[in-house]
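Chemist: structure for the following, please:
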Amino acid sequence: MKVSLNWLTDYVDVSAIPVRDLAEALTRIGLCCDEIIETDADVVLDLEVTANRPDWLGHIGVAREAAAALGLPLTLPDLSGLPAGPTPAADLTAVEVLDPDLCPRYTARVITGVTVGPSPAWMVERLEAVGLRGINNVVDATNYVLLEYSQPLHAFDLDRLGGGRIVVRRGRAGEELLSIDQTRCAVGDGMLVIADADKPVAIAGIMGGLDSEVGSSTVNVLIEAAQFDPLTTRTTARALSLMTEASYRFERGVDPVGVDAASLRACQLIVQMGGGRLAPGLVDVWAAPYAAPTVRLRAARCRALLGIDVPDEIQAAILDRLGLSPKLAEGVVTCTIPPHRADLTREVDLIEEVARLHGYEKIPVRRAVAHPVVGVSPDDTARNAVRDILAAAGFDEAITFAFADDAEAALFGFDAVVRADPTVRRTNNVLRPTLLPSLLRASKHNQDVGNDDVSLYEIAAVFPRGAGDLPAEAVTLGMATRRDLAVVRGALEAVATHVAPSAALKIVPSPVPGLTEGASAAVRIDGADAGIIGMASPKVLDYYGLEAPHAVASVRTDLLLTQAGGVRTYRPLPRLPAIRRDLSLTVDEAVTWAELDRAIRDVSDPMLEAVAYVGTYRGRQVAKGRKSVTVCLTYRSDDETLRHETVNAKVDAVVAALAERLGAELRA
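Modeler: As a prediction, the model looks like this:
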């Protein structure tokens, strides 16, 4: 924001203060002066304005702060005594606002009998000092008020408005507007436009149209002063690539009450420079007139937070200089927030105002700064252990974006989702309900650059839809690899064994959306549903363009971390050798591995140390409707070296039990 010193002096007399002292004073209260530019006739301060202070984007806003900081009186323009015409403004034009949520206030004033011509030298000099060129007295007046009140205005040629009226509405499909800078703009359904009775004549808050532009033949002028929705203005400006001084201010918010004064000020300047008379009255469509909020400040809390003793009366005096109308009673200052200070909503905001005006330099700085050392939390320790285990298993950690598409969520069975506001994110706006879309997208990217041998994992939040429209946020562990499903299962079991040894992890075969039928399972921890594991379905692979099968898993980490740090049982290394036997068993196609495993373990042999799945065969040697499953049985005794004769008897008992229970037959 470039501020002319000559211009600023109209509102607060800083002529006796050296310009560098003024720049330092403004910097101390948060208006950092980046540069002092001296010209033959003026001095310009280039000030850095923070996004939460749109009132600083006008000379009056800067003057208000300078007056408060320096203890000087503030003088605002006298808006009285304008020559009035015979016909009220309401008889000359009308305003209809069809979308009050996007345009909370719209005002129109009418000036008749204007002579459009060059602006006087003093106005041109001030505009040029801050980077604007003069156009004509009407347009220059609106630009002058924009830089004076931080309130964008627009002047329409009233006689070129269809029906002589204004309609504030959303754009319609197929509508176009040729802007003043001769850019052809297609106004979509989400864009707010200013229209006349027939067509759009301006893009609300951004730029006017060429058809209703004020020119040398203009006689009657309609002055628009309004408040537009910041988000809609920002979205439209970016969609059309039209960034203007007006949109810059509307995006940050304007003073809804100051709209009236800014409009009247523009009319005053136009009448002074171009003659004409102001139609009596204001056409004002205001959805909800401003109700000033109050914010309370506890003086003791202010002292405690700042660490210095600022008496109650001094705090109240500072807030009074800022125009907050403070009332002090029993150690509490109650402030009425003016409309140009929408950034003041909390007690801490008022404490910051006290600190700014009292002086940050008065807050002492200790020579030593204490940094308390806090140990690593159990959750962090457990997560680091998970990372170490997965790294050892050959997985690389991924950090991915937390959004997905509707189609991606539906692939994995999530039809009800939580999504961001479509005006902010039109596509890819679903908060991901599972990590698998993110990991599979990352796998596709690696595939495209030739990195085929990649296994990925991520520990991050997911946002499935919970009660109502709120997400049921949970932290999960996701894994995806081109390697075998056994790799994912082994890594998951290793994580559970090392991180939460007391947790009971079970893999229960069951159909899962997005996973291949017969190669999918639910993961349960201590009986609670904790996630899924399996092979990505052909439909999922096709959606992401993956050329190779992918094994995936998604497991809630909170169910593991709640039991992290449990006591692990010590088992000495075995002293005696084991005997392993591979059995190839033919069973019906419907028999699952879980049923086989359970039937073998139900034989209840204390020497049976492990049961492992080896593989499944289907072919000519196996009858139709049957399959051959190879199982590895490991036997060991803690007391003696086992003999083959002893193991043979135990294997025969297992085969007999499987034949009786599942109709299994031992293949030769």
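Chemist: drop to CA atoms for contacts and neighbour counts, all remaining ones
Modeler: OK.
Chemist: grab the nearest non-local neighbour of Cys302.
Modeler: Leaving out its chain neighbours, the residue that sits closest to Cys302 by CA to CA, 6 or more residues apart in numbering is Ile351, at 5.6 Å.
Chemist: list of residues touching the host helix or strand of Gly208?
Modeler: Under the assignment given by DSSP states H and E, the secondary-structure element containing Gly208 is strand 207-208. Residues from elsewhere that reach strand 207-208, judged by CA atoms under 8 Å, 6 or more residues apart in numbering: His154, Ser179, Ile180, Val201, Ala202, Leu242, Thr244, Ala246.
Chemist: list the contacts of the second one.
Modeler: Going by CA under 8 Å, 6+ apart, Ser179 touches Cys185, Ala202, Met207, Gly208, Gly209, Leu210.
Chemist: closest to Arg133 out of those residues?
Modeler: The shortest separation between Arg133 and any of the contacts of Ser179 is 16.7 Å, and it belongs to Met207 (by CA to CA).
Chemist: what's the burial count for the closest one?
Modeler: The number of residues packed near Met207 is 22, by other CA atoms under 10 Å.
Chemist: show me the helices in the stretch 151-300 of the chain, by range?
Modeler: Assignment of helices within the stretch 151-300 of the chain using DSSP state H, counting those that start in this stretch yields the ranges 230-240, 245-250, 258-274, 299-306.
Chemist: quick one: mean pLDDT over stretch 32-44.
Modeler: Per-residue confidence for stretch 32-44 averages out to 92 on the pLDDT scale.
Chemist: please apply the same query to stretch 469-476.
Modeler: 86.
Chemist: now tell me what touches that stretch from outside.
Modeler: Taking CA under 8 Å, 6+ apart as the criterion, the residues outside stretch 469-476 that touch it are 418, 435, 459-466, 554-558.
Chemist: identify those among the residues you listed that sit within helices.
Modeler: Here DSSP state H is the test, and those give Asp558 as lying in helices.
Chemist: which residues does Ala300 contact?
Modeler: Residues in contact with Ala300 (CA under 8 Å, 6+ apart) are Gly331.
Chemist: okay, it and Val354: tell me how far apart.
Modeler: Here the criterion is CA to CA, to the nearest Å. By it, Ala300 lies 13 Å from Val354.
Chemist: same thing with Glu251?
Modeler: 27 Å.
Chemist: how about Gly281?
Modeler: For Gly281, the distance to Val354 equals 40 Å [CA to CA].
Chemist: before we move on, back to that, what helix or strand is the residue nearest to Cys302 located in?
Modeler: Secondary structure from DSSP H and E places Ile351 in helix 347-358.
Chemist: restricting to C-alpha, output that helix in PDB.
Modeler: Once side chains and other backbone atoms are set aside, the C-alpha atoms of helix 347-358 remain, and they are given as PDB (Å, rounded to 0.1, in the frame of the first residue of the first chain):
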ATOM      1  CA  GLU A 347     -10.000 -11.300  24.100                       C
ATOM      2  CA  VAL A 348      -6.500 -12.100  22.800                       C
ATOM      3  CA  ASP A 349      -7.100  -9.800  19.800                       C
ATOM      4  CA  LEU A 350      -7.600  -6.900  22.200                       C
ATOM      5  CA  ILE A 351      -4.500  -7.800  24.200                       C
ATOM      6  CA  GLU A 352      -2.600  -7.600  20.900                       C
ATOM      7  CA  GLU A 353      -4.000  -4.100  20.400                       C
ATOM      8  CA  VAL A 354      -2.800  -3.100  23.800                       C
ATOM      9  CA  ALA A 355       0.700  -4.500  23.100                       C
ATOM     10  CA  ARG A 356       0.900  -2.700  19.800                       C
ATOM     11  CA  LEU A 357       0.000   0.700  21.100                       C
ATOM     12  CA  HIS A 358       1.700   0.400  24.400                       C
END
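Chemist: how distant is the helix or strand containing Asp34 from the center of its chain?
Modeler: In this structure, Asp34 is located in strand 32-38 according to DSSP H and E. For strand 32-38, the distance between its averaged C-alpha position and the chain's averaged C-alpha position is 34 Å (CA atoms, centre = their mean, to the nearest Å).
Chemist: what lines up beside that strand in the sheet?
Modeler: Each strand that strand 32-38 pairs with, and the sense of that pairing, follows from DSSP bridges: strand 43-48 (antiparallel).
Chemist: can you tell me what sits against the strand it pairs with?
Modeler: With contact meaning CA under 8 Å, 6+ apart, strand 43-48 is reached by 1-6, 23, 31-38, 129-130.
Chemist: among these, name the buried ones.
Modeler: 1-6, 23, 31-33, 36, 129-130 (16 or more other CA atoms under 10 Å).
Chemist: okay if I get those as CSV plus distance to Thr616?
Modeler: Supplementary listing: the buried ones among the contacts of strand 43-48 in CSV, determined by distance: CA to CA, whole Å:
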residue, distance to Thr616
Met1, 74
Lys2, 77
Val3, 80
Ser4, 84
Leu5, 86
Asn6, 89
Ala23, 81
Leu31, 74
Cys32, 73
Cys33, 76
Ile36, 81
Ala129, 83
Val130, 80
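Chemist: now, among those, which is nearest to Arg321?
Modeler: Checking the buried ones among the contacts of strand 43-48 against Arg321 with CA to CA, the nearest one is Leu31 at 16.9 Å.
Chemist: hmm, that closest one is touching Asn52, no?
Modeler: No. Under the contact definition of CA atoms under 8 Å, Leu31 does not touch Asn52, with a separation of 12.0 Å.
Chemist: would you check how far apart the residue lying closest to Val424 once chain neighbours are set aside and Gly188 are?
Modeler: If the residues on either side of it in the chain are set aside, Val424 comes closest to Thr235, at 7.5 Å by CA to CA, 6+ apart. Spatial separation of Thr235 from Gly188 under the definition CA to CA is 11 Å.
Chemist: with Gln151 instead?
Modeler: Note on Gln151: its distance to Gly188, by CA to CA, is 26 Å.
Chemist: which pLDDT value belongs to Phe412?
Modeler: The pLDDT attached to Phe412 in the predicted structure is 93.
Chemist: meant to ask about Cys267, not that
Modeler: The model's pLDDT for Cys267 equals 97.
Chemist: again with Ala239
Modeler: The predicted local distance difference test score for Ala239 is 89.
Chemist: just the CA atoms of the helix or strand of the chain with the lowest mean pLDDT, as PDB, please.
Modeler: One helix or strand of the chain scores below all others by mean pLDDT, DSSP states H and E: helix 558-561, with a mean of 80. What follows is the C-alpha trace of helix 558-561 in PDB, where atoms were taken according to Å, rounded to 0.1, in the frame of the first residue of the first chain:
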ATOM      1  CA  ASP A 558      -5.000 -46.600  17.500                       C
ATOM      2  CA  LEU A 559      -6.000 -50.200  18.200                       C
ATOM      3  CA  LEU A 560      -2.400 -51.200  18.100                       C
ATOM      4  CA  LEU A 561      -1.000 -48.200  19.900                       C
END
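Chemist: next SSE after that helix?
Modeler: Per DSSP H and E, the helix or strand that comes after helix 558-561 is strand 579-588.
Chemist: Val138 should be in a strand, yeah?
Modeler: No. Checked against DSSP: H, G, I helix; E, B strand; the rest coil, Val138 lies outside a strand; its state is helix.
Chemist: my guess is it contacts Val116. True?
Modeler: Yes. At 6.7 Å, Val138 counts as touching Val116 under the criterion of CA under 8 Å.
Chemist: if you count surrounding residues, which of the two has more?
Modeler: A count of neighbours by other CA under 10 Å puts Val138 above the other of Val138 and Val116, at 30 against 21.
Chemist: contact partners for that one?
Modeler: Contacts of Val138 were listed using CA under 8 Å, 6+ apart, and they are Val116, Ala155, Val214, Ile270, Gly274.
Chemist: switch the cut-off to 7 Å
Modeler: By CA atoms under 7 Å, 6 or more residues apart in numbering, Val138 lies in contact with Val116, Ile270.
Chemist: show the pLDDT at it.
Modeler: In the prediction, the pLDDT value recorded for Val138 is 96.
Chemist: sorry, back to before: figure out which of the helices of the stretch 151-300 of the chain is closest to Pro120.
Modeler: Across the helices of the stretch 151-300 of the chain, Pro120 has its closest neighbour in helix 258-274 (7.3 Å, CA to CA).
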